[in-house]
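Asks: heads up, no residue letters with this:
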């Protein structure tokens with residue numbers, strides 16, 4: 001996985017001063033690297049999964065490819081107001097304020113075994129809110145998959161009650 005890690009660009013001071021942004025787009029444009037990521041996610045996905053749920057927006061890229069490979073449904077987690085129709089919502093805390101995540105109310109059936117996918121684990125707030133959303137819908141979070149985990153931000157502490165796999169650590 002060192003070759004995949006070497007493809008991830010670090011961009012200083014983006015989106016604001018003091019932030020080191022981990023840019024995954026070079027992994028996406030390299031078909032062999034992208035395939036390795038999806039293959040690693042598939043190897044780390046438990047059997048018996050009914051749905052892949054992915055977090056807006058880069059999580060969609062990995063989650064939809066994984067769902068296709070597994071032959072299961074794909075469910076997008078979106079920010080408030082982005083999905084048409086009836087939704088289930090969860091409010092969560094940000095560093096300064098709150099935000100809301102949603103899924104369609106018919107996206108997950110009671111008892112569905114779910115794997116949650118996102119590109120990056122930072123502080124863990126979005127991942128935890130997404131887990132709550134899945135559980136509120138009646139789903140069971142069987143695994144959470146990340147391409148990148150930023151270890152120094154400690155996001156894993158918020159979701160340590162779940163089975164988590166991170167392919168790359170910074």
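Replies: Sure, I can see it. Note that this is a predicted model, so its numbers are computed, not measured.
Asks: can you pull out the helices in the chain?
Replies: For the chain, the helices defined by DSSP state H cover 2-7, 25-29, 31-43, 58-70, 125-136.
Asks: ok, and the closest non-adjacent residue to the residue positioned nearest the centre of the chain?
Replies: Using CA atoms, centre = their mean, the residue of the chain that lies closest to the mean C-alpha position is residue 118, 1.8 Å off. Spatial nearest neighbour of residue 118, excluding adjacent residues (CB to CB, 6 or more residues apart in numbering): residue 59 at 3.9 Å. Heads up, the C-betas are built off the backbone N, CA and C, glycines and all.
Asks: Pull the number of nearby residues for that neighbour.
Replies: Neighbourhood size, residue 59 [other CB atoms under 10 Å]: 25.
Asks: The one 10 residues further on now?
Replies: Around residue 69 sit 15 other residues, with neighbours defined as other CB under 10 Å.
Asks: Give me the nearest residue to it, chain neighbours excluded.
Replies: In space, residue 69 is closest to residue 42, 5.5 Å off (CB to CB, 6+ apart).
Asks: which ones are touching residue 95?
Replies: Shown in contact with residue 95 (CB atoms under 8 Å, 6 or more residues apart in numbering): residue 123.
Asks: what about the protein, any weak spots by pLDDT?
Replies: Within the chain, no range satisfies pLDDT under 70.
Asks: can you list the helices of the chain in JSON lines and add distance to residue 77?
Replies: As requested, those are exported to JSON lines (distance: least, CB to CB, whole Å):
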{"stretch": "helix 2-7", "distance to residue 77": "24"}
{"stretch": "helix 25-29", "distance to residue 77": "20"}
{"stretch": "helix 31-43", "distance to residue 77": "17"}
{"stretch": "helix 58-70", "distance to residue 77": "8"}
{"stretch": "helix 125-136", "distance to residue 77": "5"}
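Asks: Select, out of those, the one closest to residue 49.
Replies: With CB to CB as the measure, helix 58-70 is the member of these nearest residue 49 (6.1 Å).
Asks: contacts for the closest one?
Replies: For helix 58-70, the external contacting residues (CB under 8 Å, 6+ apart) are 24, 28, 34, 37-38, 41-42, 45, 49, 51-55, 73-74, 76-77, 115, 117-120, 145, 147.
Asks: do the same with stretch 46-53
Replies: With CB under 8 Å, 6+ apart as the test, stretch 46-53 has contacts from 63-64, 66-67, 70, 72-77, 103, 107-109, 112-117, 130, 134, 139, 142-143, 163.
Asks: from those, which would you call buried?
Replies: Buried by 16 or more other CB atoms under 10 Å: 63, 66-67, 70, 72-77, 103, 107-108, 112-117, 130, 134, 139, 142-143, out of these.
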